[in-house]
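In: dropping the sequence and predicted coords here.
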Amino acid sequence: MGFISILLLGVGLSLDTFAVSLTLGFAAERTSRAQKIRFLAVIGLFHFLMILGGWLLGENVSRLIAAYDHWIAFGLLAFLGVRMIRSGLSGQDNDEVDCDLLSLRNTLMFGIALSIDALISGFSLGLVKVALLESSQWLNILLAAALIGLTASTLSTVGILLGKKVSSHLGSKAEIFGGIILILIGLKVLADHLL
């Protein structure tokens, strides 16, 4: 697997992350800059660590997690989506930044929900030769994981910025719309694995 293949894998693993980030952009006024930066760092770090973890843990653990990962992702995304809808329906002014959408706990929940597939992908990287550098497989996997984590953070940044622009057109309904999207992403993850 070369650079382009790893980059495409990173983009594929980051599409749900992009969609969630888009919805977070809808609530950009209710989150601080520091919270957004922490979210982007957590997303990149979790994708990086999950790729390495999958590669190190191997087939048996990956199969065990694969049996339940979709339920975990669905539960976390649905929970956060409902919270976002409730916040949007509360009708509070955007000046009152009391929404803890990107609290540390919620950010970690997003990190787990959005990077579980990277764990399984990490295992599959152990089955192929990753050739980014003429070096050891360990260094190539480390570099691939870093590239995938960077891709996830970059696409998340684009999603937040785009969501913030779109939210100006949606007005007060942006958070409700964002919450519905989170729930739909959770349902899509569930359907993809069950069907």
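Out: The structure has been received and is ready for your questions. As the structure is a computational prediction, the values presented were derived from the model and not from experiment.

In: where are the low-confidence patches of this structure?
Out: Within the chain, the stretches with pLDDT under 70 are 59-63, 91-99, 171-172.

In: pull the longest helix from it.
Out: helix 137-170 (DSSP state H).

In: counting by contacts, list what that one packs against.
Out: Counting contacts by 3 or more CB pairs under 8 Å, 6 or more residues apart in numbering; DSSP states H and E, helix 137-170 is packed against helix 3-26, helix 33-57, helix 104-125, helix 174-194. Placement of C-beta: from N, CA and C, glycine included.

In: show me how far it is from its chain's centre.
Out: In terms of CA atoms, centre = their mean, to the nearest Å, the centre of helix 137-170 is set 9 Å apart from its chain centre.

In: could you measure residue 163 against residue 75, distance?
Out: Counting by CB to CB, to the nearest Å, the gap from residue 163 to residue 75 is 23 Å.

In: just say helix, strand or coil for the residue of the chain most remote from its centre.
Out: For the chain, the residue at maximal distance from the C-alpha centroid (CA atoms, centre = their mean) is residue 134, at 30.7 Å. Following DSSP: H, G, I helix; E, B strand; the rest coil, we place residue 134 in the coil state.

In: quick one, phi psi at it?
Out: Note on residue 134: backbone dihedrals following degrees, to the nearest 10 are phi -80, psi 80.

In: that one and residue 121: what is the separation?
Out: For residue 134 relative to residue 121 (CB to CB), the value is 23 Å.

In: which residues touch the residue nearest to residue 81 when sequence neighbours are not counted?
Out: Spatial nearest neighbour of residue 81, excluding adjacent residues (CB to CB, 6 or more residues apart in numbering): residue 182 at 3.3 Å. By CB atoms under 8 Å, 6 or more residues apart in numbering, residue 182 lies in contact with 20, 23, 77, 78, 80, 81, 84.

In: quick one: contacts for the first one?
Out: By that I understand residue 20. Contact partners of residue 20, counting by CB under 8 Å, 6+ apart, are 77, 110, 114, 156, 159, 181, 182, 185.

In: show the buried residues in those.
Out: 77, 110, 114, 156, 159, 181, 182, 185 (16 or more other CB atoms under 10 Å).

In: one step back: show me which of residue 163 and residue 75 is the more surrounded one.
Out: residue 163 (25 against 14; other CB atoms under 10 Å).

In: just give the nearest non-adjacent residue to that one, would you?
Out: Of all residues not flanking residue 163 in the chain, residue 25 sits nearest, at 1.9 Å (CB to CB, 6+ apart).
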